[in-house]
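*Asks:* Just need the structure, nothing else, for what follows:
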Amino acid sequence: MHLFAQFSRFCALNGGIMKKNIAILASGSGTNAENIIRYFQEKDSAIVRLVLTNRQNAFVLERAKGLEVPGFYFPKGEWERGEAILSLLKEHAIDFVVLAGFLARVPDNILHAYPNKMINIHPSLLPKFGGKGMYGDRVHEAVIAAGEKESGITIHYTNEHYDEGAVICQKKCPVLPEDTPVELAQRIHQLEYENYPKVIEELIFKL
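*Replies:* Numbering: from 1, shown residues only. Next up, the predicted model:
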């Protein structure tokens, strides 16, 4: 079994035989999405085929366009029903779904279509500072207000509840006494950029 796993990895890295299709869900600027797209442009393991957003003016659509990745906006009602999104995912043969700053709840029909094939990243060490409404600077402000000595990122599987899916990995960084939310955010972003694409790739190798 171990030998077969090594052979599968070799195939993925040499010739693209096992290349997988990724979709990214994002709601905002899209710096993480761009980082992931660029990472896999240099790899044979996978490729980002779609970027989907629930916000019409999300700058992630501009980033995707500049990187020649199709981007799609779906209004609130379509997200809540999920059928149109799921149809698009199937049309593009998406194997793996990545949430990167996506602020809406993923409908059950999409979750059930991608069991253990949909992950999220959160800018704190869950279960601390997670849940609905906890994102971006709100998280960093809460971490500093609570007097925490460390923070970090949590990469986890997505389920029916905000930030409650099984944890895949966590990476930590210090919270310094003089930190502002902006300064802490910069440290957190570096952890995200360095680790999220690598974790995605490791999970894809297991598909």
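
*Asks:* where does this structure have low pLDDT?
*Replies:* Along the chain, the parts satisfying pLDDT under 70 run over 1-17.

*Asks:* need the longest helix for the protein.
*Replies:* In terms of residue count, the longest helix belonging to the chain (DSSP state H) is helix 181-205.

*Asks:* Now do stretch 149-169: everything it contacts.
*Replies:* 97, 99, 105-106, 108, 111, 116, 118-127, 130-132, 134, 140, 143, 170-175, 184, 187-188, 191-192, 195-196, 199, 203 (Cβ atoms under 8 Å, 6 or more residues apart in numbering). The C-beta positions use only the backbone N, C-alpha and C, and glycine is treated the same way.

*Asks:* Inside strands: which ones of those residues?
*Replies:* 97, 99, 118, 119, 120, 121, 122, 170, 171, 172, 173, 174 (DSSP state E).

*Asks:* Identify the bridge partners of the first one.
*Replies:* Translated: residue 97. In this entry, residue 97 is beta-bridged to residue 23, residue 118, by DSSP bridges.

*Asks:* how near is it to residue 150?
*Replies:* 29 Å (Cβ to Cβ, to the nearest Å).

*Asks:* got a list of what residue 201 touches?
*Replies:* Going by Cβ under 8 Å, 6+ apart, the list of residues near residue 201 reads 39, 40, 43, 45, 46.

*Asks:* So which of these wins on neighbours?
*Replies:* With neighbours taken as other Cβ atoms under 10 Å, the top of the contacts of residue 201 is residue 46, carrying 25 neighbours.

*Asks:* Assign the closest residue in space to residue 25 that isn't next to it in sequence to one of the three secondary structure states.
*Replies:* Spatial nearest neighbour of residue 25, excluding adjacent residues (Cβ to Cβ, 6 or more residues apart in numbering): residue 102 at 4.1 Å. At residue 102, secondary structure determined by DSSP: H, G, I helix; E, B strand; the rest coil is coil.

*Asks:* circling back: from the ones in strands among the contacts of stretch 149-169, which is closest to residue 63?
*Replies:* Proximity of the ones in strands among the contacts of stretch 149-169 to residue 63 (Cβ to Cβ) peaks at residue 99, which lies at 15.8 Å.

*Asks:* Tell me where the chain has helices.
*Replies:* Assigned by DSSP H, the chain shows helices spanning 2-13, 31-41, 60-66, 76-81, 83-91, 108-113, 137-145, 181-205.

*Asks:* could those be laid out in a markdown table, adding distance to residue 19?
*Replies:* Shown next, in a markdown table, are the helices of the chain (distance: least, Cβ to Cβ, whole Å):
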| stretch | distance to residue 19 |
| --- | --- |
| helix 2-13 | 7 |
| helix 31-41 | 9 |
| helix 60-66 | 19 |
| helix 76-81 | 28 |
| helix 83-91 | 17 |
| helix 108-113 | 20 |
| helix 137-145 | 34 |
| helix 181-205 | 9 |
